[in-house]
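Enquirer: Sequence unavailable; structure follows:
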Ligand SMILES: [Zn+2]
């Protein structure tokens, strides 16, 4: 039985039971091998993001080192951003909506990111107070982090054009 695979911008992450290792594959070729267990899986996700979207990787890594409490959500957020899940707001109807973020698990679900005095999200993680709150008062679920990472990536790209690898 093959375990569930993850896909990040064309790269595939899967656990190989026979070899007891996490694999990162591109076009059917193995590009990274990581040891079994949750730490190996996390490292595989980080490596895939590093290959697929270096700018996102740098930002997520920096923010995770600065705010360790956000670490697991940051890498999920980087996956969302790398997979193009951060979408523009709905036109016209909600002046405070800045983005819609497509759910990682159910593509029928869109979360609405709004900005009032802080960023708001209508997901359960944010609503039920599980998302970590930083000293600034801002709570961060993975959708808000995905929006923040994506916005920052666009700003950086506008200032200083970055070469990102192109995958067919
Ligand atoms: Zn959220």
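Expert: Okay, I see it. Quick caveat: nothing in here was measured; it's all calculated off a predicted structure.
Enquirer: Contact distance from the ion - what residues of this structure qualify?
Expert: Selection of the chain residues close to the ion by C-beta under 5 Å from the ion yields 121, 123, 126, 141, 143. Where you see a C-beta, it was placed from the backbone N, CA and C, and this is true even at glycine.
Enquirer: Does the residue with the largest distance to the centre of the chain belong to a helix, a strand or coil?
Expert: In the chain, the residue that sits farthest from the middle, by C-alpha atoms, centre = their mean, is residue 18; the gap is 28.8 Å. Following DSSP: H, G, I helix; E, B strand; the rest coil, residue 18 is assigned to coil.
Enquirer: looking at this, residue 117 is in a helix?
Expert: No: looking at residue 117 with three-state DSSP, it is coil, so not inside a helix.
Enquirer: for it, what are its contacts?
Expert: Residue 117 sits next to no residue when contact means C-beta atoms under 8 Å, 6 or more residues apart in numbering.
Enquirer: Contact partners for the closest residue to residue 125 other than its chain neighbours?
Expert: The shortest distance from residue 125 to any non-neighbouring residue, by C-beta to C-beta, 6 or more residues apart in numbering, is to residue 141 (4.2 Å). The contact partners of residue 141, taken as C-beta under 8 Å, 6+ apart, are 73, 121, 123, 125-126, 131.
Enquirer: just residue 67 next, same as before
Expert: Taking C-beta under 8 Å, 6+ apart as the contact definition, residue 67 lies against 74, 132, 134.
Enquirer: how close does it sit to residue 124?
Expert: Distance, residue 67 to residue 124, by C-beta to C-beta, to the nearest Å: 21 Å.
Enquirer: try residue 23
Expert: 32 Å.
Enquirer: Tell me the buried residues in stretch 80-96?
Expert: For stretch 80-96, the neighbour count (16 or more other C-beta atoms under 10 Å) marks 80-83, 85-86, 89 as buried.
Enquirer: now those in CSV, with pLDDT?
Expert: Formatted as CSV, those follow (pLDDT from 0 to 100):
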residue, pLDDT
80, 96
81, 96
82, 95
83, 94
85, 96
86, 97
89, 93
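Enquirer: Which two of those residues have the greatest separation?
Expert: Farthest-apart pair in these is 82 and 89; separation 20.4 Å (C-beta to C-beta).
Enquirer: Tell me which residues of the longest helix anywhere in the chain come out buried.
Expert: For the chain, the longest helix by residue count, based on DSSP state H, is helix 142-159. Across helix 142-159, burial judged by 16+ other C-beta under 10 Å covers 142-150, 153.
Enquirer: quick check: domain ranges of the chain?
Expert: By the assignment in automatic domain parsing, the chain contains the domains 1-52, 69-168.
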